[in-house]
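1. show me the folded form of this:
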Amino acid sequence: MITYIKGNITFKAPTYIVVEANGVGYRVHISLNTYSRVEKLEHVKILTYFHVKEDSQTLYGFADDDERNLFVHLISVSGVGPSTAQIVLSTMMPDELRAAIISENEAALKKVKGIGNKTAKQIILDLKNKLIKSGGGVTVPIAAANNTMRQDALSALMSLQVNKIQAQKALNKVLQADPGVSNVEDLIRLALKQLS
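-> You can find the predicted model right below:
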């Protein structure tokens, strides 16, 4: 099994990159989350999952082990293939996905293209206990009421040239530490303190 590939990125697109290692170019399918982390890099060490089917062999790449572990969990669910797992990980941050599964938030999962009622229930049924046992239970689900305020704060932070991933992590920390934040301005200010 190919665990990771280290080399120069010779091509980048939001859905895949080509990494040249020892004269061989590997096409590695990635999520939008991983793309945002490798977008400005020329040299990369990308974690991989090698998926073999009767008619194809495909490499999936991840910026970190957390995302790869969630991918492996997702494809273990009946009805969720690698392409659907990549869409889920492109739509939701790993922390958001874990929180949605642990808090049994079917509505959040159904917002992902290709995930219907039955599949959302199956993901929760199959993965909730696994994620709690693997330490996922420490993630505090973000209240639905905070979602709009969180999105506004995220947009504002990105307009201030803050990296999307870092901004999301900072917002998650703030909302977990102080779920009572009542306005966008306070949320942005607290997130900026987390980032400094």
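
2. can you give me the helices for the protein?
-> Remark: helices assigned in the chain by DSSP state H are 32-38, 65-75, 82-91, 94-102, 106-110, 117-133, 146-159, 164-177, 184-195.

3. closest to Leu47 out of those helices?
-> Between Leu47 and the helices of the chain, the tightest spacing by Cβ to Cβ is seen for helix 65-75, at 5.1 Å. In short, each C-beta sits where N, CA and C put it, glycine included.

4. thinking again about what came up before, His51 is nearest to which of the helices of the chain?
-> helix 82-91 (5.1 Å).

5. quick one: list the elements packing against that closest one.
-> strand 24-30, helix 32-38, strand 57-62, helix 65-75 (3 or more Cβ pairs under 8 Å, 6 or more residues apart in numbering; DSSP states H and E).

6. quick one: it to strand 57-62, angle?
-> 20 degrees (axes from the mean of the first three to the mean of the last three Cα atoms, to 10 degrees).

7. distance from the chain centre to helix 82-91, please.
-> Here helix 82-91 is found 9 Å from its chain centre; the criterion is Cα atoms, centre = their mean, to the nearest Å.

8. same thing with stretch 72-86?
-> From the chain centre to the centre of stretch 72-86 is a distance of 14 Å (Cα atoms, centre = their mean).

9. do stretch 84-100 as well
-> That offset, for stretch 84-100, works out to 5 Å (Cα atoms, centre = their mean).

10. list the contacts of it.
-> Residues outside stretch 84-100 that contact it (Cβ atoms under 8 Å, 6 or more residues apart in numbering): 15, 29-34, 60, 66-67, 70-71, 74-75, 80, 105, 108-109, 111-115, 119, 131, 136, 139-142, 165, 168-169, 172.

11. contacts only, for Leu41.
-> Shown in contact with Leu41 (Cβ under 8 Å, 6+ apart): Ile9.

12. report the separation between Asn129 and Val44.
-> For Asn129, the distance to Val44 (Cβ to Cβ, to the nearest Å) stands at 34 Å.

13. these two: which is more packed in?
-> A direct count of neighbours by other Cβ atoms under 10 Å for Asn129 and Val44 places Val44 higher, at 21 against 13.

14. give me the beta-bridge partners of that one?
-> Gly7 (DSSP bridges).

15. got the confidence number for it?
-> At Val44, the pLDDT value in this model is 95.

16. buried among the contacts of stretch 84-100? Make that a ChimeraX selection.
-> Selection of buried members from those for ChimeraX, criterion 16 or more other Cβ atoms under 10 Å:
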select :29,30,31,32,33,34,60,67,70,71,74,75,80,105,108,109,112,115,119,131,136,139,141,142,168,169,172
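
17. what is the lowest-mean-pLDDT helix or strand in the chain packed up against?
-> For the chain, counting by mean pLDDT, DSSP states H and E, helix 146-159 ranks last in confidence among helices and strands (a mean of 78). If you count contacts as 3+ Cβ pairs under 8 Å, 6+ apart, helix 146-159 packs onto helix 164-177, helix 184-195.
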